[in-house]
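**Student:** Turn this into a model:
(2 chains)
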Amino acid sequence: MSEERVIDGRGLMPPEPMELTLTALDTLPDGKELLLLLYVEPHPLYGILKRNGYTHRSQSRPDGTVEIHIKKA
Amino acid sequence: MQPGLSFEQAPPISVPFRFFLTAPLFGMAAGLLLLWQGPEAFVSRWSSVALALTHLLAVGFMLQAMCGALLQMLPVAAGANIWQPRLVTQFTHAGLTIGTLLLVAGFLSEMAIFFRIAVPFMTISLGAFALIVLIALFRTPAQGPTIISLRIAVFGLVVTIVLGATLASGFGWQLALPLTELTHVHAAWGLGGWSLLLVASVAYLVVPMFQLTLPYPVWLTRSFSVTLFFLLTAWSLTWLPLQRPDGLQVALACAAALPAMAFAAVTLRLQAQRRRKVTDPTLLFWRLAMSALVVAAVAVVLQQLNPGAEDYAGAPFLLGVLLMVGVFMPVISGMLYKIMPFLNWLHLQKIGKPGLVVPNMRQMISEPRMMMQFKLHLAALVLLLGAVPLPWLVYPGGVALIASCVWLEWNLIVATRNFARFSRELEERLAQEQAG
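**Tutor:** The predicted model follows:
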């Protein structure tokens, strides 16, 4: 099980969560996962991740939170 | 910020900006028409002036901004890619801009030739826009209430276009059509089946995102658009010739007002309970719009339940001002103040690289300037509502509407100029670093 770093973007004003995520990905070691918590699906981020060699999987919690797990492909 | 991260999926910044910069010009034109015609403008909803005013606001301002926002929002927020965005932008923008001018010229001059040109021109350009957007919405892998509601809303736009084209053909070729009935249904689809459903679809996404509220309750996002769509369809059918079940028509109109009221009330409640009590101009615009929507929904119910209301010529003006100046123009203004700075930021990121700080969203349009427009718009709403019983208020109301739109236009121009300035500065700094 890989260790996760967490960014809780639920109380932050866009584009702060995206800025924090992109900065965190700069220093994310291979094999580790970044977990982003939001109330929406971040489609612009998905496109950026895909084109830059990251994979993600997202799932919704009952309270409406979307969990986005990101790691290097 | 990110080495080599690509952001190409957002369409060119000129795609939405041309719509946003054009919309306030039609708002100003509506204000000028009010000043030119004075109290005459509010005498009858069927007058040429009233029809011209309605289309300056509904097509020139509202639809213009909504199409631009939708073209931008689909790829960014819904993961839906538009076919040939530059081409679609050009013909949609031309269709809306020239189309509005043709319609207004047709209404004011009462010359059939303008409608004869407007019908094919607007039907093809707006019809193609709706079709391309619908295809993108059905092809996107994204799911959720926003996507489903957007599909229904765009279908509502198609219904509005078809009815509008039929009405305009009636004017253009002197066809014997049931103009009154068609106009009621056309207006209801334009304002309810398209505009309100679009606002709701967008609200599910942007209200929690930008106003830091809890998500909308699932019961509302699942049922609102579908319910309103079916009620509107059923209500529209009661207007068919040879069929006048008056009681059913009243009941359906009242029933359609209830989901609108529920959506507005839920939005106001979510905003009141937001986690960070930051009050910015966008929040104020949304709260004004949702309050006006509650009042408009109550007005619809009262109007339906009171048989004498039909004789009061002011009733449609109250509703029209409440919905267009009170609900949709404020939502659009508030959203533009988020969309334009966000797009500036997103596109500036493309130029950026590690260590090069991109200006943040707050530096794109100053908050006091946005707040000033909010105050001007609130004044325009109050004065124009007042002009229904007190016709002379149409003059200060028209001036306030022009002032609000001039202020909005200027704020959007400032955002556009700031984008150009920040881009230049970033490129210069990049060039200096590379040279050094």
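**Student:** Whichever helix or strand B:Ala257 is part of and chain A, any residue contact?
**Tutor:** Using DSSP states H and E, B:Ala257 falls within helix B:246-272. No. For helix B:246-272, no contact with chain A is found by Cβ under 8 Å from any Cβ of the partner chain; the gap never falls below 11.3 Å. Bear in mind the C-beta positions are built from the backbone N, C-alpha and C, glycine included.
**Student:** packing partners for that helix?
**Tutor:** helix B:197-211, helix B:218-237, helix B:281-305 (3 or more Cβ pairs under 8 Å, 6 or more residues apart in numbering or on different chains; DSSP states H and E).
**Student:** so which of the ones you listed is the most packed in?
**Tutor:** Highest mean neighbour count among those (mean count of other Cβ atoms under 10 Å in any protein chain shown): helix B:197-211, with a mean of 24.
**Student:** Briefly note if that one comes near chain A.
**Tutor:** Yes. Counting by Cβ under 8 Å from any Cβ, chain A is contacted by helix B:197-211 at B:Leu205, B:Pro208, B:Met209, B:Phe210.
**Student:** sorry, back to before: dump the helices and strands packed on helix B:246-272 into CSV; add mean pLDDT as well.
**Tutor:** Formatted as CSV, the helices and strands packed on helix B:246-272 follow (pLDDT from 0 to 100):
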stretch, mean pLDDT
helix B:197-211, 91
helix B:218-237, 96
helix B:281-305, 96
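**Student:** Those into JSON lines, with extra columns for distance to B:Leu179?
**Tutor:** Formatted as JSON lines, these follow (distance: least, Cβ to Cβ, whole Å):
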{"stretch": "helix B:197-211", "distance to B:Leu179": "25"}
{"stretch": "helix B:218-237", "distance to B:Leu179": "15"}
{"stretch": "helix B:281-305", "distance to B:Leu179": "21"}
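**Student:** re the thing from before, which one of the residues of helix B:197-211 next to chain A is nearest to chain A?
**Tutor:** B:Pro208 (4.7 Å; Cβ to the nearest Cβ).
**Student:** So the closest one sits against A:Glu41, correct?
**Tutor:** No. If you go by Cβ atoms under 8 Å, B:Pro208 and A:Glu41 don't touch, sitting 11.9 Å apart.
**Student:** For the lowest-mean-pLDDT helix or strand in chain A, name the packing helices and strands.
**Tutor:** Every helix and strand in chain A was compared by mean pLDDT, DSSP states H and E; the lowest is helix A:43-51, with a mean of 79. Counting contacts by 3+ Cβ pairs under 8 Å, 6+ apart, helix A:43-51 is packed against helix A:16-26, strand A:54-60, helix B:64-78.
**Student:** repeat that for 10 Å
**Tutor:** helix A:16-26, strand A:54-60, strand A:66-72, helix B:64-78, helix B:329-351 (3 or more Cβ pairs under 10 Å, 6 or more residues apart in numbering or on different chains; DSSP states H and E).
**Student:** just the angle between that helix and helix A:16-26, please?
**Tutor:** Put simply, helix A:43-51 runs at 20 degrees to helix A:16-26, going by axes from the mean of the first three to the mean of the last three Cα atoms, to 10 degrees.
**Student:** Compute the inter-axis angle for helix A:43-51 and strand A:54-60.
**Tutor:** Using the same axes, to 10 degrees: helix A:43-51 against strand A:54-60 is 140 degrees.
**Student:** Can you list the buried residues in helix A:43-51?
**Tutor:** Neighbour counts using 16 or more other Cβ atoms under 10 Å in any protein chain shown place A:His43, A:Pro44, A:Leu45, A:Tyr46, A:Gly47, A:Ile48, A:Leu49 of helix A:43-51 among the buried residues.
**Student:** same check, this time on stretch B:266-276
**Tutor:** Quick answer for stretch B:266-276 (16+ other Cβ under 10 Å): B:Val266, B:Thr267, B:Leu268, B:Leu270, B:Gln271, B:Arg274.
**Student:** and the last one, helix, strand or coil?
**Tutor:** Of the three states, B:Arg274 takes coil under DSSP: H, G, I helix; E, B strand; the rest coil.
**Student:** The single nearest residue of chain A relative to chain B: neighbour count?
**Tutor:** Sorted by distance to chain B under Cβ to the nearest Cβ, the residues of chain A start with A:Gly64, at 3.5 Å. Using other Cβ atoms under 10 Å in any protein chain shown, A:Gly64 has 17 other residues around it.
**Student:** Kindly reformat the helices and strands packed on helix A:43-51 as a markdown table containing distance to B:Thr183 and mean pLDDT.
**Tutor:** Shown next, in a markdown table, are the helices and strands packed on helix A:43-51 (distance: least, Cβ to Cβ, whole Å; pLDDT from 0 to 100):
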| stretch | distance to B:Thr183 | mean pLDDT |
| --- | --- | --- |
| helix A:16-26 | 45 | 86 |
| strand A:54-60 | 43 | 91 |
| strand A:66-72 | 43 | 92 |
| helix B:64-78 | 21 | 87 |
| helix B:329-351 | 22 | 89 |
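**Student:** hang on, the earlier thing: the least confident helix or strand of chain A vs helix B:329-351, what angle?
**Tutor:** Using the same axes, to 10 degrees: helix A:43-51 against helix B:329-351 is 20 degrees.
**Student:** from the chain's centre, how far out does helix A:43-51 sit?
**Tutor:** 10 Å (Cα atoms, centre = their mean, to the nearest Å).
**Student:** on that earlier part again, the residue of chain A closest to chain B falls within a strand, correct?
**Tutor:** No. Using three-state DSSP, the secondary structure at A:Gly64 is coil, not a strand.
**Student:** was I right about it contacting B:Leu205?
**Tutor:** No. Judged on Cβ atoms under 10 Å, A:Gly64 makes no contact with B:Leu205 at a distance of 12.0 Å.
**Student:** got any residues that touch both of the two?
**Tutor:** Each of A:Tyr39, A:Val40, B:Pro215, B:Tyr216 lies in contact with both A:Gly64 and B:Leu205 under the rule Cβ atoms under 10 Å, 6 or more residues apart in numbering or on different chains.
**Student:** Up against chain B, what does chain A have?
**Tutor:** Chain A comes close to chain B at residues A:9-19, A:21-23, A:25-26, A:38-44, A:46-54, A:60, A:62-66, as judged by Cβ under 10 Å from any Cβ of the partner chain.
**Student:** what's the nearest residue to the single nearest residue of the stretch 301-436 of chain B relative to chain A if we skip its chain neighbours?
**Tutor:** Here the residue of the stretch 301-436 of chain B nearest chain A is B:Trp345; by Cβ to the nearest Cβ that distance is 5.7 Å. In space, and not counting its chain neighbours, B:Trp345 is closest to B:Met361: 5.1 Å by Cβ to Cβ, 6 or more residues apart in numbering or on different chains.
**Student:** The residue in the stretch 101-250 of chain B positioned nearest to chain A in helix, strand or coil?
**Tutor:** Using Cβ to the nearest Cβ, the single residue of the stretch 101-250 of chain B nearest to chain A is B:Pro215, 3.5 Å away. With three-state DSSP as the basis, B:Pro215 sits in coil.
**Student:** pretty sure it is touching B:Thr146, no?
**Tutor:** No. The criterion here is Cβ under 10 Å, and B:Pro215 misses it with B:Thr146 at 11.3 Å.
**Student:** anything in contact with each of those two?
**Tutor:** Contacts common to B:Pro215 and B:Thr146, judged by Cβ under 10 Å, 6+ apart, are A:Val40, B:Tyr204, B:Leu205, B:Thr221.
**Student:** Tell me which helix or strand the nearest residue to the third one once chain neighbours are set aside sits in.
**Tutor:** For B:Leu205, ignoring the flanking residues on the chain, the nearest one in space by Cβ to Cβ, 6+ apart is B:Thr146 at 5.1 Å. Under the criterion DSSP H and E, the helix or strand holding B:Thr146 is helix B:145-173.
**Student:** what does A:Arg5 give?
**Tutor:** Going by DSSP H and E, A:Arg5 is in strand A:4-8.
**Student:** now for that strand, which elements pack on it?
**Tutor:** Counting by 3+ Cβ pairs under 10 Å, 6+ apart, strand A:4-8 packs on helix A:16-26, strand A:33-38, strand A:66-72.
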